[in-house]
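Visitor: My questions are about this predicted structure, shown below with the sequence.
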Amino acid sequence: DGGITQSPKYLFRKEGQNVTLSCEQNLNHDAMYWYRQDPGQGLRLIYYSQIVNDFQKGDIAEGYSVSREKKESFPLTVTSAQKNPTAFYLCASSIEVGGEQFFGPGTRLTVL
Amino acid sequence: GQSLEQPSEVTAVEGAIVQINCTYQTSGFYGLSWYQQHDGGAPTFLSYNALDGLEETGRFSSFLSRSDSYGYLLLQELQMKDSASYFCAVRTTNDYKLSFGAGTTVTVRA
């Protein structure tokens, strides 16, 4: 079955530690995205990638980093510079930037 | 930048009709999308309007007026499973990425 996987579903980290969230897709989509969602709020774009080896900052990129070495994978690192990292993180992909997006199940990160 | 406004909450009974409005301000409009998200789940795509008019997909319809910078999602014959958050999202011509509204929580009561 084609789709997007994110792991783990729940993640706990101590303050000051970097953490990497996984996102894999087998839909053969060129574009991939990372969003952050806080309780009762919409999705805010962190980073997006239109193609392998290319990525662009979204609206709230500070304290985050990404890589796109393979078409299928778009990992997100939450660094210790992110002041308020506890949130629900959603990865998505689309055939092209701005097209219909398919979302993964999300990773709920809690920083203690 | 872009800004989108939609109501924060709507409550209705089973079988009713609900309309969720979305007004937007953006430099360079390409299209308006709607996504549904059940509590704790992944958003799923519902509809996309690039041209003025009504798009119907089963019980859900979406409308766009580009001149009014306005769209709406119409949910008909409401069912309990329609209780969810609904987000409008604007696709812009400058970078083509989506900007999401804050979402409308729809609660369906028996």
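Guide: That came through, no problem.
Visitor: For the residue nearest to A:Ala87 when sequence neighbours are not counted, name its beta-bridge partners.
Guide: Distances taken as CB to CB, 6 or more residues apart in numbering or on different chains put A:Arg36 closest to A:Ala87, at 4.9 Å, once the chain neighbours are dropped. Every residue, glycine included, has its C-beta placed from N, CA and C. Beta-bridge partners of A:Arg36, counted by DSSP bridges, are A:Arg44, A:Tyr89.
Visitor: likewise A:Val111?
Guide: Applying DSSP bridges, one finds that A:Val111 bridges with A:Arg13.
Visitor: Go ahead and list the helix or strand containing the spatially most central residue of chain A.
Guide: Nearest residue to the geometric centre of chain A (CA atoms, centre = their mean): A:Trp34, 3.1 Å. Assessed by DSSP states H and E, A:Trp34 sits inside strand A:31-37.
Visitor: Also A:Leu27?
Guide: Here A:Leu27 is covered by no helix or strand, with elements defined by DSSP H and E.
Visitor: could you check the distance from the nearest residue to it once chain neighbours are set aside over to chain B?
Guide: Using CB to CB, 6+ apart and skipping the chain neighbours, the partner closest in space to A:Leu27 is A:Gly2 (4.9 Å). For A:Gly2, the distance to chain B equals 14 Å [CB to the nearest CB, to the nearest Å].
Visitor: ok, A:Gly2 touching A:Glu24?
Guide: No: contact criterion CB atoms under 8 Å: A:Gly2 and A:Glu24 do not qualify, at 11.4 Å.
Visitor: Spell out which residues of chain A are next to chain B.
Guide: Within chain A, the positions lying close to chain B (CB under 8 Å from any CB of the partner chain) are A:33, A:35, A:40-45, A:48, A:56, A:58-59, A:90, A:92, A:96-98, A:100-106.
Visitor: residues in contact with the residue nearest to B:Asp68 when sequence neighbours are not counted?
Guide: Take B:Asp68 and drop its neighbours on the chain: the residue closest to it by CB to CB, 6+ apart is B:Thr23, 8.0 Å away. Contact partners of B:Thr23, counting by CB atoms under 8 Å, 6 or more residues apart in numbering or on different chains, are B:Leu4, B:Glu5, B:Gln6, B:Asp68, B:Ser69, B:Tyr70.
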